[in-house]
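J.: Build me a model:
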Amino acid sequence: MPIQSINLIIKLTDKCNMKCQFCSASNLDTHDMSKDDVCRVIDSLNEKFAVKSISLEGGEPTSIGVKAFTEIVEEVSKRYPDIGSI
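T.: This next block holds a predicted model:
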């Protein structure tokens, strides 16, 4: 039984298409999270905590591809219907 509730922030990628001069995001070696990665993280934390909400973020989350981003949102919404905004 989870004893503490949390708001979960998942960084899907470090990629960003803005190329701001003050930011080093374009120089990062990035790893994009897949749908399976995201669900594995949520499952793991949901066993120990009551996940209240999920925020999918990143440099620019849709830079992983709109299709991949949409699949992640749909899968998370389907698998965790009681969890707040995505």
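J.: contacts and neighbour counts: CA atoms only from here.
T.: Noted.
J.: for this structure, what are the low-confidence residue spans?
T.: 1-2, 24-29, 84-86 (pLDDT under 70).
J.: tell me the contacts of the most far-flung residue of it relative to its centre?
T.: What lies farthest from the middle of the chain is residue 21; by C-alpha atoms, centre = their mean that is 25.6 Å. Not one residue lies near residue 21 by C-alpha atoms under 8 Å, 6 or more residues apart in numbering.
J.: in this structure, which spans are strands?
T.: Taking DSSP state E to define them, one finds strands in the chain at 5-11, 50-57.
J.: So residue 57 is in contact with residue 15, correct?
T.: No. The criterion here is C-alpha atoms under 8 Å, and residue 57 misses it with residue 15 at 10.7 Å.
J.: Deepest-packed of the strands of the chain, please.
T.: strand 50-57 (a mean of 17; mean count of other C-alpha atoms under 10 Å).
J.: how many neighbours does residue 45 have?
T.: 15 (other C-alpha atoms under 10 Å).
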